[in-house]
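Student: What follows is a predicted protein model with its sequence.
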There are 2 protein chains.
Amino acid sequence: MSKPDTPKAMPPEGPMLPVPGLDYGLLDGLLGYALRRAQNALYLDFYRATAEWDISPPRFAALVLIARNPGLRQGLLGQAMGLHRSGALRLTDWLTAQGYAERRDAPDDARAWGLYLTPVGKRLLVKLEAAVATHDRALIQALGDQGPTLKAGLERLARIATAPPTD
Amino acid sequence: MSKPDTPKAMPPEGPMLPVPGLDYGLLDGLLGYALRRAQNALYLDFYRATAEWDISPPRFAALVLIARNPGLRQGLLGQAMGLHRSGALRLTDWLTAQGYAERRDAPDDARAWGLYLTPVGKRLLVKLEAAVATHDRALIQALGDQGPTLKAGLERLARIATAPPTD
């Protein structure tokens, strides 16, 4: 039984623990390496928090986006998630194969269709949102005053790194 | 010509651009989602900065770790990189297939072997380190005062999210 899979649906293999005695050279000074370590730890924590469901951060994000934007076009979903046509197709194939979402004709254009959550998908999302919000809030609380600063810094970093290279 | 591949050797498919008019629901408030967007943008920028080589952030980190720790055991490399045995094996297979690294007997134990960069690997790493350092420094500089704060926050977040769940 092979199911269609989404990009990066697998959790990281394990934590990127600092190994005592190992010389990390310039890695220790890189913002990018600090970000990768944080992402690795957060992903593992996300999978712990959602262990009872076969879900990944991208799958969760897709469920939220479809719930909040009923009739969402697959192209827009891919754009929001940084996926090409084939990646967005694999993701929506998975969501529909699981019975969480369905494709329905767009009311204004019979040739196009949009994505909607099914009742099963809606019920799942209620539980997932609670689990993910709890996991995320616990991290923000543990960071204390640093939490909002870190989030704002990450949002700025995403904008900066996305800007086209100037040279 | 299929080459052994490393986990996550592919760049993200595209940028996770905020889509105007789309309702992101609770995603906008999540630290984890801000981190994923920043990671997506940084990865794309990393691939732009290293476009002339077939390299990924994990491959780059492995080259640095082997260079700084000659004779590194594959198990330790996997531990540092959050890879299981098979993932670490795929990564070192790729590095040796490219001629960047080689396995040699450990001086103190003929049954064990360690990893060493080849002259080709060392020359590649000089260029890669320069390119990656430039890419990373540009981001830190664009962040201004926020740069060091963000890096420290990410390091703390990695520690917090790695701590075993308490409940």
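Tutor: Sure thing, it's come through.
Student: Could you export the lowest-mean-pLDDT helix or strand in chain A as CSV, keeping only the C-alpha atoms?
Tutor: Ranked by mean pLDDT, DSSP states H and E, the weakest helix or strand in chain A is strand A:109-117, scoring a mean of 83. In CSV, the C-alpha atoms belonging to strand A:109-117 read as follows (Å, rounded to 0.1, in the frame of the first residue of the first chain):
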residue,chain,number,x,y,z
ASP,A,109,-16.1,28.7,-13.4
ALA,A,110,-17.2,25.1,-14.3
ARG,A,111,-13.7,24.3,-15.8
ALA,A,112,-11.9,25.2,-12.6
TRP,A,113,-12.2,23.6,-9.2
GLY,A,114,-11.4,24.6,-5.7
LEU,A,115,-10.4,22.8,-2.5
TYR,A,116,-12.7,22.3,0.5
LEU,A,117,-12.3,20.4,3.8
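Student: So it, near chain B or not?
Tutor: No - against chain B, strand A:109-117 shows no contacts by CB under 8 Å from any CB of the partner chain, the least distance being 12.0 Å. C-beta coordinates here come from the backbone N, C-alpha and C atoms, glycine included.
Student: quick one, whichever helix in chain A runs longest and strand A:109-117 angle?
Tutor: In chain A, with assignment by DSSP state H, the single longest helix is helix A:119-143. On the basis of axes from the mean of the first three to the mean of the last three CA atoms, to 10 degrees, helix A:119-143 is oriented at 50 degrees to strand A:109-117.
Student: Can you list the buried residues in helix A:119-143?
Tutor: By 16 or more other CB atoms under 10 Å in any protein chain shown, the buried positions in helix A:119-143 come out as A:121, A:124-125, A:128-129, A:131-132, A:135-136, A:138-140, A:143.
Student: Then stretch A:23-40?
Tutor: Residues A:24-25, A:27, A:30-40 are the ones in stretch A:23-40 that count as buried (16+ other CB under 10 Å).
Student: For A:Met16, which non-adjacent residue is spatially closest?
Tutor: Spatial nearest neighbour of A:Met16, excluding adjacent residues (CB to CB, 6 or more residues apart in numbering or on different chains): B:Gly82 at 3.9 Å.
Student: For the nearest residue in space to A:Gly71 that is not next to it in sequence, give its distance to B:Glu155.
Tutor: Leaving aside its chain neighbours, A:Gly71 sits nearest to A:Gly114 (3.4 Å; criterion: CB to CB, 6+ apart). The gap separating A:Gly114 from B:Glu155 is 42 Å, by CB to CB, to the nearest Å.
Student: more crowded one of those two?
Tutor: More crowded of A:Gly114 and B:Glu155, by other CB atoms under 10 Å in any protein chain shown: A:Gly114, with 21 against 17.
Student: So the more buried one is in contact with A:Leu76, correct?
Tutor: No - counting by CB atoms under 8 Å, A:Gly114 does not reach A:Leu76; the two are 9.3 Å apart.
Student: tally of neighbours for the residue nearest to A:Met16?
Tutor: There are 22 residues near B:Gly82, going by other CB under 10 Å.
Student: And A:Thr118, by the same measure?
Tutor: So A:Thr118, with other CB under 10 Å, has 15 neighbours.
Student: Could you do A:Ala97 as well?
Tutor: Residues near A:Ala97, counting by other CB under 10 Å, number 11.
Student: mind checking how far it is from B:Arg156?
Tutor: From A:Ala97 over to B:Arg156 (counting by CB to CB), the distance is 40 Å.
Student: again, but for A:Arg36
Tutor: Taking CB to CB, one finds A:Arg36 at 15 Å from B:Arg156.
Student: which residues of chain A fall in strands?
Tutor: Along chain A, the stretches classed as strands by DSSP state E are A:101-106, A:109-117.
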